[in-house]
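Novice: Pasting a predicted model and its sequence here:
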Amino acid sequence: MSAAAGTAASPPGATPVRDARRARRASRAATLALVPLLVVAGCAPLGTAGLLAAGGLLLARSLGRGDFSLTARALPTPPTTWPAFAVPPATETRPAEVPATPTMATPTAWVSAAPGPRTAGAPTPTPTAVPAVDWPELPEVGGREPLLGTAHFLVHADPPDDEQVTAVARRWAPRLEAILAPVEARAGRTLQAPVHVVFARAYQARCPARGLAAPRHDPPLIVVYVDARTPAAQVHGVLAHEMAHHVSDSEDFTQDGILVEGVANWLAEPAMLAWLGLESWDHAVRDAVARGHYASLVDPTALSPRPGEDCIERRDRVYALRTSFVAWLIQHWGLDTVLAMPETAVPDPDAPERTLRRPDYAAATGRTLASLELEWLEHVLRGGDMAALAVSHAPAEGAYGDS
């Protein structure tokens, strides 16, 4: 078909029957591209579309014109002879780099929240995107006498005269080494420097933090924000997650928002799954897809809450998706590869004269991040009986939207 003229030339050997079949196929492809029941934001310039069946829904992953979406419509009993889900070749255009992001609770002191450079054709995120976290001030504990000390930690309350926070700090201090041990075992490495653990009073904000890790602060810090209502599972999960940031931190760990948080959740998996009430990270992915809440790995605005959305719920969901992806990377390429990805230098958008280190997924795996995302999704959805069915080349319509 000529896009300019809007007409079609009959191929050699065309017949009315064949023309009718082609027309029906074209009509079905156009219908799939226009169904707006489930739209998930992202930006992967892949040029193909995959169809996934999930429960009674047909999920169409439209990846044309630099857009990424999942769309859905009701589907009768699907045929069983359709071709398998297609994975784009590794030679496609690389997606935009994904910026580093806050930890499960709040950002680390050494992680940049600035977006990386953009690929031509990728959607431009809105300049009014809502911040994912309202950052707190780091407590100053350098000259303070700790309440208690353990083999790896010095424990503080902030403010020091807060009796309730002090009681929480004293209650959790004896448990810190036991929380650290499974994180170290899963990582295959030990915590090197003594870390100051600060229990601070939870603060009021639009999108508050629940904890933070600052491995390269002086002194190295973990902060856990608590009040009388903070459940024990949350304190345990935050502590394990932030300890994981310290254990995984090294000069070799080339980080972005996917790896830094996915690795921390993966290292702290038992505590994190228990806190979040998840069966598994893969189950969280399947649930997000089924509910229309999937957020693409290559969407630089993935963590920003949409209008009317709870920012903490979104943060937990996006990190769960990323953790499933990181677990899949570890399964196929190993933890050593994930913790020492080859790096690529990208301009710092806040200071163009400087560069940022970002992981080079293609150099490490032979596949771009966008291709890896497709393969991982196919693996996860097949594992949950959300069978891959077919491939469509229909263009995406309005594919870049809120998840």
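Specialist: Yes, it's here.
Novice: CA only for contacts and neighbour counts going forward, please
Specialist: OK.
Novice: Number of residues surrounding Ala320?
Specialist: 28 (other CA atoms under 10 Å).
Novice: Does it touch Arg286 like I think?
Specialist: No - counting by CA atoms under 8 Å, Ala320 stays clear of Arg286, with 10.9 Å between them.
Novice: Now do Trp135, the pLDDT please.
Specialist: pLDDT recorded at Trp135 is 86.
Novice: What of Ala271?
Specialist: 98.
Novice: correct me, but it touches Leu239?
Specialist: No - with contact defined as CA under 8 Å, Ala271 does not reach Leu239; the gap is 9.0 Å.
Novice: Find residues that contact each of these two.
Specialist: Jointly contacting Ala271 and Leu239 under the rule CA atoms under 8 Å, 6 or more residues apart in numbering is no residue at all.
Novice: Outside of the longest helix anywhere in the chain itself, list whatever touches it.
Specialist: Ranked by number of residues, the top helix in the chain under DSSP state H is helix 311-333. Residues from elsewhere that reach helix 311-333 (CA under 8 Å, 6+ apart): 104, 132-133, 207, 258-259, 261-263, 265-266, 281-282, 284-285, 288, 295, 297, 302-305, 335, 337-338, 365, 373, 376.
Novice: run the last query once more with 6 Å
Specialist: Ile258, Gly262, Trp281, Asp282, Val285, Leu303, Pro305 (CA atoms under 6 Å, 6 or more residues apart in numbering).
Novice: how about the strands in this protein?
Specialist: For the chain, the strands defined by DSSP state E cover 49-54, 57-62, 69-74, 148-149, 153-158, 195-201, 211-214, 221-226, 343-348, 351-359, 388-392.
Novice: Quick check: mean pLDDT of the first one?
Specialist: Mean pLDDT, computed over strand 49-54, is 34.
Novice: Repeat that for the longest one.
Specialist: Model confidence over strand 351-359, given as mean pLDDT, is 89.
Novice: CA-only coordinates of that strand, as PDB, when you get a sec.
Specialist: The C-alpha coordinates for strand 351-359 follow below in PDB (Å, rounded to 0.1, in the frame of the first residue of the first chain):
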ATOM      1  CA  ALA A 351      25.400  19.400  33.400                       C
ATOM      2  CA  PRO A 352      26.200  18.600  29.700                       C
ATOM      3  CA  GLU A 353      29.900  19.000  30.300                       C
ATOM      4  CA  ARG A 354      29.800  16.000  32.600                       C
ATOM      5  CA  THR A 355      29.000  12.300  31.800                       C
ATOM      6  CA  LEU A 356      27.200   9.600  33.800                       C
ATOM      7  CA  ARG A 357      28.000   5.900  34.000                       C
ATOM      8  CA  ARG A 358      25.200   3.700  32.700                       C
ATOM      9  CA  PRO A 359      25.000   0.000  32.200                       C
END
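Novice: Name the strands paired with that strand and say parallel or antiparallel.
Specialist: strand 343-348 (antiparallel) (DSSP bridges).
Novice: and the strand it pairs with, C-alpha only, in PDB?
Specialist: The C-alpha trace of strand 343-348 is given here as PDB (Å, rounded to 0.1, in the frame of the first residue of the first chain):
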ATOM      1  CA  GLU A 343      29.400   0.700  31.200                       C
ATOM      2  CA  THR A 344      28.700   3.400  28.700                       C
ATOM      3  CA  ALA A 345      29.100   7.100  29.300                       C
ATOM      4  CA  VAL A 346      26.100   9.300  28.700                       C
ATOM      5  CA  PRO A 347      25.800  13.100  29.000                       C
ATOM      6  CA  ASP A 348      24.500  14.400  32.300                       C
END
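Novice: Report the buried residues of that strand.
Specialist: Glu343, Asp348 (16 or more other CA atoms under 10 Å).
Novice: what ranges of the stretch 301-403 of the chain fall below the confidence cut-off?
Specialist: 385-403 (pLDDT under 70).
Novice: my bad, should have said the stretch 101-250 of the chain
Specialist: 101-128.
Novice: 90 instead, please
Specialist: Residue ranges of the stretch 101-250 of the chain with pLDDT under 90: 101-132, 135-137, 142-144, 192-193, 228.
Novice: where do the helices sit along it?
Specialist: 163-172, 176-187, 232-248 (DSSP state H, counting those that start in this stretch).
Novice: Buried residues of the longest one, list them for me.
Specialist: The neighbour-count criterion (16+ other CA under 10 Å) identifies 233-248 as the buried residues of helix 232-248.
Novice: Identify the farthest-apart pair in those.
Specialist: Longest distance between any two of the buried residues of helix 232-248 is 22.3 Å, between Ala233 and Ser248; criterion CA to CA.
Novice: Among the helices of the stretch 101-250 of the chain, which comes closest to Glu145?
Specialist: helix 163-172 (13.2 Å).
Novice: Alpha carbons of that closest one, as PDB, please.
Specialist: Provided in PDB are the C-alpha atoms of helix 163-172 (Å, rounded to 0.1, in the frame of the first residue of the first chain):
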ATOM      1  CA  GLU A 163      11.500   8.500  73.300                       C
ATOM      2  CA  GLN A 164       9.200   6.600  70.900                       C
ATOM      3  CA  VAL A 165      11.800   6.500  68.200                       C
ATOM      4  CA  THR A 166      14.500   5.600  70.700                       C
ATOM      5  CA  ALA A 167      12.500   2.700  71.900                       C
ATOM      6  CA  VAL A 168      12.100   1.400  68.300                       C
ATOM      7  CA  ALA A 169      15.800   1.700  67.700                       C
ATOM      8  CA  ARG A 170      16.700  -0.200  70.900                       C
ATOM      9  CA  ARG A 171      14.100  -2.900  70.000                       C
ATOM     10  CA  TRP A 172      15.500  -3.500  66.400                       C
END
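Novice: shift numbering so it begins at 14
Specialist: Shifting the count to begin at 14 puts that one at helix 176-185.
Novice: Skip the chain neighbours and tell me the closest residue to Phe386.
Specialist: Actually, residue 386 is Glu. It isn't Phe. Leu310 (7.0 Å; CA to CA, 6 or more residues apart in numbering).
Novice: what number of residues lie near that neighbour?
Specialist: 24.
Novice: cool, the one 3 residues further on as well?
Specialist: Residue neighbour count, defined by other CA under 10 Å, stands at 26 for Pro313.
Novice: Tell me, how many residues neighbour His306?
Specialist: Neighbours of His306 using other CA under 10 Å come to 21.
Novice: Distance to Ala340 for the helices of the stretch 114-263 of the chain - can I get that in JSON lines?
Specialist: Formatted as JSON lines, those follow (distance: least, CA to CA, whole Å):
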{"stretch": "helix 176-185", "distance to Ala340": "29"}
{"stretch": "helix 189-200", "distance to Ala340": "12"}
{"stretch": "helix 245-261", "distance to Ala340": "15"}
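Novice: This completes my enquiry, with thanks.
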